[in-house]
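**Student:** I need the structure of the sequence given here:
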Amino acid sequence: MPDLSDWSDLSDWSDLTADAMTSWRHAGETMKRRAFLQTTGASLLAPACMPVLSAAAPAAPAAPAEGRGDQRLSLEALQQWEALGYGMFIHFGMSTFVNNELPSGKDAPELYAPDQLDVDLLTSKHVAGHCLWPTKHSDYSVVNSVNTTDVMAKFVEACRKHGILPGFYYCSWDNHNRFGSKTPSDQGGDLPAYTTSLYQDFQAAQITELMTTYGPFAEVWVDIPGVLGRGYRTFLYQHIAALQPNTVIMMNSGISSGETYDINYAWPSDL
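**Tutor:** Numbering: from 1, shown residues only. Okay, here's the model as predicted:
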């Protein structure tokens, strides 16, 4: 089993907490976001689903070592990840109960109703937008479901009990928490799928919430990164890396032989 000693101490990780978060907005620059600004009082959108983040700005990526290209993690770190060998990726959520891989996001949260939890789970949010943890940024979660188990907490607990490095998957294609975005489920129109800055705030806040509440994580998967845009995606990558520098970040580029890579869809990424 992998040695988890390096993952047990949270003292070196960001001290962000949900109660100490502050809101931020899009700065209009394509390759970075304005440093998080501390604010007081209510934000423009008062409901609990409104995302909030820390005042600490993500650290700028270090200059790549000579001869190894623009890669954040060292070759040794990537080889250690590759040497882990066998792993398990389990999708479980609203899709399981509505018999639809790509739900509309309009199904009642009560439809998520497992009788018992027999397996470890790690898909935090898929296309339906239903969250398997009691997020403070949306009411579409286990909190309002028949079974209110905090699945992410149980998953991380089980991983650490059995000596397994935990990671989580987060889908950028969200048919419920739209914030004005157009998803791949929407047909027609002149524009491809896209996300608004309000949705991007929401996604960053939820990923921050997951990493600071349940982390540290060995791996973070961000699916459908193409809808995020290159500028925000770069910000998000740097923000995740600043929160937990040892995590391996995967902006999912899809199923391929690996001979080609669409940087406009999935870069930056560790894998």
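**Student:** mind checking the SS state of Tyr170?
**Tutor:** Three-state assignment for Tyr170 (DSSP: H, G, I helix; E, B strand; the rest coil): strand.
**Student:** oh, and call the first residue 596 from now on, that's how I've got it
**Tutor:** With 596 as the first residue, the last one maps to Tyr765.
**Student:** that one and Gly724 touch, don't they?
**Tutor:** No. Between Tyr765 and Gly724 there is no contact under CB atoms under 8 Å: 11.2 Å. C-beta coordinates here come from the backbone N, C-alpha and C atoms, glycine included.
**Student:** leaving out the residues flanking it, which one is nearest to Met806?
**Tutor:** Leu838 (5.0 Å; CB to CB, 6 or more residues apart in numbering).
**Student:** phi and psi next, for the one you found.
**Tutor:** phi -70, psi -50 (degrees, to the nearest 10).
**Student:** and the gap between it and Thr730?
**Tutor:** 17 Å (CB to CB, to the nearest Å).
**Student:** before we move on, what about Val751?
**Tutor:** Distance from Val751 to Thr730, by CB to CB: 15 Å.
**Student:** hang on, the earlier thing: can you give me the distance of the residue nearest to Met806 to Thr808?
**Tutor:** In terms of CB to CB, Leu838 sits 11 Å off from Thr808.
**Student:** looking at the two now, which is surrounded by more residues?
**Tutor:** Comparing Leu838 with Thr808 by neighbour count (other CB atoms under 10 Å), the higher total belongs to Leu838, at 24 against 18.
**Student:** surely that one and Thr803 touch.
**Tutor:** Yes. Here Leu838 reaches Thr803: they are 6.8 Å apart, a contact under CB under 8 Å.
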